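Build me a model from this:
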Amino acid sequence: MTTIHNLSSRIIIALDVKTRGEALSLVRELPDSEIFKVGLTLFASEGPSLLQEIQSHGKKIFLDLKLHDIPHQIAGAVRSGIGHRIHMMTLHASGGREMMAKAAEAAEQEAKHSGQTKPLLLAVTILTSLKGEQLRDIGMDDRVNKQVLRLARLAKESRMDGVVCSPQEIDIIKKEFGQDFLVVSPGIRPEWSAAQDQKRILTPGGALRKGVDYMVIGRPITKAASPSEAFCKIVQELNRANNSSDGKNSS
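Here you go, the predicted structure:
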C-alpha cells in the first residue's frame, strides 16, 4: 500500500446538524480537521453564508447536495459552487452523461474565468442506505457492484474527478479505473460505533486498506462526548492500518 502522509486530511467531517451554531461549534471543536461536509439539511437551513463562516476558520468545504437536474441547471449550480470557493461537490451519476459532462465543462470554464480553483466533482453512484431489495424497488439491477461499476464508468467518461460509493466497492473502483480516480466513501463506522442507517459499511482501517481517498465520518465523531478525542482515535486507527499494510508490503 502506498504510504499516505497526514492521514487526518483524508477524514471529511459530516456536519449533519440543523443549525449554524451547532455546525460552527463542531468546526471549533475539531481544529485538526481540514474538510467539513455541508449536506442538504444544513445548507437548506442556513444557506451559502455558512460556507463562508466555515472557511473563515481555514477549513475546506465538501458541498454534498447530490445535484440531479437537467444539464443547464447543474452547470449553473457548479458555477455557483466555484463562486463560493467549494473544494468538493457532488452530483448524481444517474443524471446521465450529458449532465455530468456539462458540469465538468462549466467547472473548467468558470474556474479559468474567475481565477478560482476548480472544485473536485464527485459522482454519487449508489447511496449507502440502499441494498439489493431497495434497488429492485426502483427498477435497478439488484447486484450493487455491477450497478456501481456502470455508473462509475459513466462518471469517468464524463470527466468527473471521482465517485462517491460505499466502502464495499472501493477496491473494485480502484482496480477498474486506477488510483487517480478518486473514491470518497461514507458508511465508515469504527468498531466502537453503531451502524445506524448505513447498510454497506466498513471500519476506517478497512476502508484505508481498500484504497479509499477520503472517508466521510459524521456521528461517530460529532455525537461523541469529545469529538476531538473521537477524531484522534480514528486517526490512530488509520495510522495502525497504514503501518500494518506497509509492513506486509515490505516483507
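
low-scoring stretches of the stretch 51-200 of the chain, by residue?
128, 130-132, 141-142, 193-200 (pLDDT under 70).

dump the residue contacts of the residue sitting nearest the centre point of the chain.
Per Cα atoms, centre = their mean, the C-alpha nearest to the average position across the chain is that of V184, at 4.2 Å. Residues near V184 by Cβ atoms under 8 Å, 6 or more residues apart in numbering: I12, M88, L122, G162, V163, V164, C165, V212, D213, Y214, M215, V216. The way it works is simple: take the backbone N, C-alpha and C, and place the C-beta from them, glycine included.

Can you tell me the closest non-neighbouring residue to the fourth one?
Looking back up the chat, that one is G162. Leaving aside its chain neighbours, G162 sits nearest to L182 (2.7 Å; criterion: Cβ to Cβ, 6 or more residues apart in numbering).

contacting residues around the one you found?
Contacts of L182 (Cβ under 8 Å, 6+ apart): L120, L122, D161, G162, V163, D213, Y214.

Which elements pack onto the longest strand seen in the chain?
If you go by DSSP state E, the chain has its longest strand at strand 60-67. Contacts defined by 3 or more Cβ pairs under 8 Å, 6 or more residues apart in numbering; DSSP states H and E place strand 60-67 against strand 35-39, helix 40-46, helix 49-55, helix 71-83, strand 88-92.

circling back to that earlier point, wait, which of the contacts of V184 is closest to I70?
Within the contacts of V184, proximity to I70 (Cβ to Cβ) peaks at L122, which comes in at 19.6 Å.

In a strand, that closest one, correct?
Yes - L122: assigned to a strand according to DSSP: H, G, I helix; E, B strand; the rest coil.

Just give the number of residues close to it.
25 (other Cβ atoms under 10 Å).

F62 and V38 touch, don't they?
Yes - taking Cβ atoms under 8 Å as the definition, F62 is a contact partner of V38 at 7.2 Å.

give me the element the residue nearest to the centre of the chain is part of.
strand 182-185 (DSSP states H and E).

next SSE after that strand?
helix 204-210.

what about that following helix, distance to the chain center?
15 Å (Cα atoms, centre = their mean, to the nearest Å).

Contacts for it, please.
Against helix 204-210 from outside (Cβ under 8 Å, 6+ apart): 1, 4, 7, 10-11, 167, 170-171, 174, 185, 188, 190, 202, 215, 217, 234, 237-238, 240-242, 245.

And for stretch 22-42?
In contact with stretch 22-42 (Cβ under 8 Å, 6+ apart) are residues 8-9, 11-19, 46, 50-51, 53-54, 57, 59-66, 87-88, 214, 216, 218, 221-222, 227-228, 231-232, 235.

and that stretch, which residues are buried?
For stretch 22-42, a neighbour-count test (16 or more other Cβ atoms under 10 Å) marks 23-24, 26-27, 29-30, 33-39, 42 as buried.

Same question for stretch 228-241.
Within stretch 228-241, judged by 16+ other Cβ under 10 Å, the buried ones are A230, F231, K233, I234, V235, E237, L238, A241.

distance of the first one from D32?
Counting by Cβ to Cβ, to the nearest Å, the gap from A230 to D32 is 12 Å.

what's the answer for P48, then?
With Cβ to Cβ as the criterion, P48 and D32 are 26 Å apart.

next one: E169
From E169 to D32 the distance is 28 Å (Cβ to Cβ).

I'd like to know which elements the helix ranked longest in the chain is packed against.
In the chain, assigned by DSSP state H, the helix with the most residues is helix 227-250. Packing partners of helix 227-250 (3+ Cβ pairs under 8 Å, 6+ apart): strand 11-14, helix 20-29, helix 204-210, helix 219-222.
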